[in-house]
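[1] Give me a model of this one.
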Amino acid sequence: MSFEDLRKEYPVFSYNGYSYSLNHNHLTIQFDFSIGDSIRFTPTMVLQAGRYAQYPADLKELEGIIFHIGMIELISYWKCTCSPTLLIHPYRLNEEEELWWRKLYWYGLGEFFYQNHIDTNHEKFLTFAFGEGAPMADTLPYPHVAESNRTIVPIGGGKDSVVTLEELRVKKEVVPFIINPRGATLACAEKAGFPNLEDIIVLKREISPRLLELNKEGFLNGHTPFSAMLAFYSVLLSAVTGIRDVALSNESSANEPTIPGTHINHQYSKSLEFEEDFRYYVDNYMNSCNHYYSHLRPLTELQIAERFAKYPQYFHVFKSCNAGSKEDKWCGRCAKCLFAYVILSPFIDDQTMIEIFGDDLLNNKELAPILDQLAGMAYVKPFDCVGTVKEVNEALHRILESRKDKALVKHYINKQLELLDNNMLEEYYNMAP
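    Next comes the predicted model:
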């Protein structure tokens, strides 16, 4: 179904409202979104704050945060029709807030627009409208959250959050946070000394089944700014635990452009630009009740890999492969697996790497096209959370001697020489994101 046809058939997406309740320290939130009269979404989220729960006496203090979480949750549902009008019933945004959200939606959907071949622009892709008589959002209450010696660290199951958690715990008490727990996230938390769910803040986030049905029917689908969603949930975490600091694990390469013809990273909401915009929004419109930052921001992927190699207790439990996440394994066939293998190889011995991944990925000739993309020897870079071309090449150069008999290392050397002979190496490096 085409972008233009869907917009004509479904001209209005409505954010109707939300409900929330607290039961045994579990905060349940349900949102109400609809497209016309025929499509309705009611996704439900449950926050379990464990032993860290300090809910305000009056839950109405959370209303403003919950409203804003709905503003980022809705984008997962809006994108299936890309309705030209977003009708917000609960509250009205002021002009600056509208501009802020428009920027987030536009850049945060950069990969979605590109992958779906959508031809639109910043001015016409979306118009805000508001329910009659809706109060202004900037009148909503927000709790005051003071500084403390504790920091919340989201754990994704990969190497980055492990480094953040281990380095911060030297200075502060760290509190792990997991969205939709799975094998790798729980195993990493256990290795860090948090074996019980009461020791972890857990968010169980549901995708409305109706959206999955529409995707099967051919409605639009694709990437949404997950890290922006995480950012707004982090404000809720601060409000219900009294822990102001939330430390992410986004590295410097998250600022690199990856979408051809733009300066946008496909994971825009992991970028420093979004991080600074988000802090501005919280400081000015949400009572500055949260401090959201990335501990790894100054570091490259190679530097993070070197630091991760200092924590061998995590080697056999960490996983960052999206394809294998449900089975808690490395699939060994995707760009994320190969990137992780390459970036860690300079710091972890060959046999241990094979044990971690369950296969010798550097000896898998079928992965050569993916290596070409990662190393800038192909025009397209994978739309995945992988490092820059420069970082990949530096890692490969560090293992040319120690892994010289590996099939992919031989392929890399031969491809470099081939491109160099044809005066194409510089061209590919310049074209690479």
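[2] Centre-most residue in the chain?
    In the chain, the residue lying closest to the centroid (Cα atoms, centre = their mean) is Ser227, at 3.6 Å.
[3] what about the residue lying closest to that one once chain neighbours are set aside, how many neighbours?
    Take Ser227 and drop its neighbours on the chain: the residue closest to it by Cβ to Cβ, 6 or more residues apart in numbering is Ser269, 3.8 Å away. C-beta coordinates here come from the backbone N, C-alpha and C atoms, glycine included. Neighbour count for Ser269, taken as other Cβ atoms under 10 Å: 24.
[4] same deal with the one 4 residues further on?
    The burial count assigned to Glu273 is 17, neighbours taken as other Cβ under 10 Å.
[5] likewise the one 4 residues further on?
    For Asp277, the count of nearby residues is 18 (other Cβ under 10 Å).
[6] and if you look at Ala323?
    Ala323 has 15 nearby residues by other Cβ under 10 Å.
[7] backbone phi and psi for it, please?
    Backbone torsions for Ala323, taken as degrees, to the nearest 10, come to phi -60, psi -30.
[8] again, but for Pro143
    Per-residue torsions, Pro143: phi -70, psi 160 (degrees, to the nearest 10).
[9] That one: what's it in contact with?
    Taking Cβ atoms under 8 Å, 6 or more residues apart in numbering, we find Pro143 in contact with 56, 61-62, 239, 287, 289.
[10] now do 6 Å
    Shown in contact with Pro143 (Cβ atoms under 6 Å, 6 or more residues apart in numbering): 56, 61, 239, 289.
[11] Are any of those buried, and if so which?
    Neighbour counting by 16 or more other Cβ atoms under 10 Å classes 61, 239, 289 among the contacts of Pro143 as buried.
[12] Filter the contacts of Pro143 down to the ones in helices?
    Ala239 (DSSP state H).
[13] Looking at the contacts of Pro143, which is nearest Thr81?
    Ala239 (32.5 Å; Cβ to Cβ).
[14] so what are the domain limits for this structure?
    The chain breaks down by automatic domain parsing into domains covering 3-143+200-294, 329-431.
[15] Could you tell me which ranges of the stretch 201-350 of the chain sit under the pLDDT cut-off?
    Scanning the stretch 201-350 of the chain for pLDDT under 70 picks out the ranges 254-266.
[16] mind listing the strands for the stretch 251-400 of the chain?
    291-294 (DSSP state E, counting those that start in this stretch).
[17] cool, and the stretch 101-250 of the chain?
    Going by DSSP E, counting those that start in this stretch, the stretch 101-250 of the chain shows strands at 127-130, 150-154, 173-179, 201-205, 245-248.
[18] where does Ser34 land in three-state SS?
    With DSSP: H, G, I helix; E, B strand; the rest coil as the basis, Ser34 sits in strand.
[19] okay, the closest residue to Lys124 other than its chain neighbours: pLDDT?
    Closest residue in space to Lys124, ignoring its immediate chain neighbours: Pro84 at 7.6 Å, by Cβ to Cβ, 6+ apart. Per-residue confidence (pLDDT) for Pro84: 97.
[20] who's in contact with Glu394?
    Leu302 are the contacts of Glu394 under Cβ under 6 Å, 6+ apart.
[21] tell me what the biggest strand by length in the chain is packed against?
    Ranked by number of residues, the top strand in the chain under DSSP state E is strand 12-23. Where contact means 3 or more Cβ pairs under 6 Å, 6 or more residues apart in numbering; DSSP states H and E, strand 12-23 is packed against strand 26-35, helix 63-73, strand 85-88.
[22] What angle do helix 63-73 and it make with each other?
    Per axes from the mean of the first three to the mean of the last three Cα atoms, to 10 degrees, the angle that strand 12-23 makes with helix 63-73 is 130 degrees.
[23] Next, the buried residues of strand 12-23.
    13-18, 20.
[24] Kindly point out the strands partnered with it and how each is oriented relative to it.
    If you go by DSSP bridges, strand 12-23 pairs up with strand 26-35 (antiparallel), strand 85-88 (parallel).
[25] CA-only coordinates of the last one in CSV, if you can.
    In this case it means strand 85-88. Extracted in CSV, the C-alpha atoms of strand 85-88 (Å, rounded to 0.1, in the frame of the first residue of the first chain):
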residue,chain,number,x,y,z
THR,A,85,-2.8,15.1,10.6
LEU,A,86,-1.9,14.1,14.1
LEU,A,87,-4.9,15.0,16.4
ILE,A,88,-3.8,15.2,20.1
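[26] buried residues in it?
    Under the neighbour-count criterion of 16+ other Cβ under 10 Å, strand 85-88 has 86-88 buried.
[27] would you turn the domains of the chain into TSV with distance to Val174?
    Putting those into TSV (distance: least, Cβ to Cβ, whole Å) gives the following:
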stretch	distance to Val174
domain 3-143+200-294	8
domain 329-431	22
